[in-house]
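Q: the sequence and its predicted three-dimensional model are supplied below.
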Amino acid sequence: MLRKLLSLYENSILLPKQPDHSYEQFFIFFDESQNEWIGIPKKEISEKELNLLKKLYELVDLQTSSLKTGSQSWYEFLYLKGPIPPSNTEAYFRMIQFHIKGDGINQNEIESALKGFFTDEVIIIWENVNRGVIIEEKKLISLSEKEFITLSETIESDFFIKISFYIGKIHLLSHDLPTYFYQEKEYFNFGKKNLGNTFNFAFERVFPAYLTYHLQDELKHKVKQELNEVFLDDQEMFSTIKVFLENNLNASMTAKKLYIHRNTLQYRIDKFVEKTGIQLKDFYGAFTVFLACLLFEQEQKK
């Protein structure tokens, strides 16, 4: 698609890799699917065209994307098939990807705020003006998933922006690390698109929905055949059962999140069990119903 833009904007330039210096007279756009960059002269783009291109591609902010030595080696390793960054033997890392929703982002201030939550030094790479990755060595890991929720809330209140995280798994520093990085990136993109207003993602949070989304149509039909009618007849029951399962069958927490009395919650659960014959406190029953909930939810979004 970027190559087609060359015919529309005669003075544009196609770049095989992210430019390492600023092009003051150009807007730089990145096509992730093709791993290509294009520079289009600012004077040739109207405001309406600029807004449209920003919807289709990532606008790269070269002014703020200059990388320090350590960040540069990691950027080349993860994104440009560069050599493994220098580190100790048998070093392990996890990558925490983040995405910011909002305008007027000051990357320096955001980066400073992010680093302030970690007890030791971490490397932060900005992929574009809204997205980046925090690289954390195993011995330095300090934040739990709950602490990332606090971090999200703090960033939102201080900067009036929404920030979401994907907390990656711990991996050995090897040539395979970029592969894991892009797989986690795929999960992150899926989670942001399909899991509602959640702002903190991890493999175990995303994968059940990812799995159901990619099930064969025949299997989807068999699962929906068992429970879809119950959920269609009573959407309130669907919401109740899904929240109950997501909260580890904790009645108090579920009732609090749904703003209902525990007796009301129990009535709805008993009604569901009576209609389906499936016991939610049985592992296999809970797993099957949760799978059906995810499929039903995906169907409703179509």
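A: Yes, it's here.

Q: so who does residue 96 touch?
A: Counting by Cβ atoms under 8 Å, 6 or more residues apart in numbering, residue 96 makes contact with 133, 134, 136, 148, 165, 166, 167, 168. For the C-beta atoms, the positions are set from N, CA and C on the backbone; glycine is no exception.

Q: same thing but 10 Å
A: 114, 118, 122, 124, 132-136, 141, 143, 148, 151, 165-168, 184, 200, 202 (Cβ atoms under 10 Å, 6 or more residues apart in numbering).

Q: roughly how far does it sit from residue 206?
A: Here the criterion is Cβ to Cβ, to the nearest Å. By it, residue 96 lies 14 Å from residue 206.

Q: also residue 226?
A: 24 Å.

Q: so which of those two has more stuff around it?
A: Set residue 226 next to residue 206 and count neighbours by other Cβ atoms under 10 Å: residue 206 wins out with 22 against 14.

Q: got the buried residues for the helix or strand in which the more buried one is found?
A: Take DSSP states H and E as the rule and residue 206 turns out to sit in helix 203-213. The neighbour-count check on helix 203-213 (16 or more other Cβ atoms under 10 Å) flags 205, 206, 209, 210, 212 as buried.

Q: now, the most widely separated pair of those residues?
A: The most widely separated members of those are 205 and 212, with 13.5 Å between them, by Cβ to Cβ.

Q: which strand residues sit across from residue 26 in the sheet?
A: Residue 26 has the following beta-bridge partners by DSSP bridges: residue 41.

Q: does it touch residue 13 like I think?
A: Yes: using Cβ atoms under 10 Å, residue 26 makes contact with residue 13 at a distance of 7.3 Å.

Q: which residues are in contact with both of the two?
A: Shared contacts of residue 26 and residue 13 (Cβ under 10 Å, 6+ apart): 19, 38, 39, 40, 41.

Q: out of those residues, which is nearest to residue 300?
A: residue 38 (37.8 Å).

Q: so the closest one, which of the three states?
A: Here residue 38 is strand, with the state taken from DSSP: H, G, I helix; E, B strand; the rest coil.

Q: which one is it nearest to, not counting chain neighbours?
A: Distances taken as Cβ to Cβ, 6 or more residues apart in numbering put residue 2 closest to residue 38, at 4.6 Å, once the chain neighbours are dropped.

Q: equivalent analysis for residue 190, please.
A: In space, not counting the residues next to it along the chain, residue 190 is nearest to residue 210; the distance is 5.4 Å by Cβ to Cβ, 6+ apart.

Q: what about the residue nearest in space to the middle of the chain, distance to residue 181?
A: Most central in the chain under Cα atoms, centre = their mean is residue 188, positioned 2.8 Å from the mean C-alpha point. Going from residue 188 to residue 181 by Cβ to Cβ gives 10 Å.

Q: between the two, what contacts are shared?
A: What both residue 188 and residue 181 touch, as defined by Cβ under 10 Å, 6+ apart, is the set 97, 133, 168.
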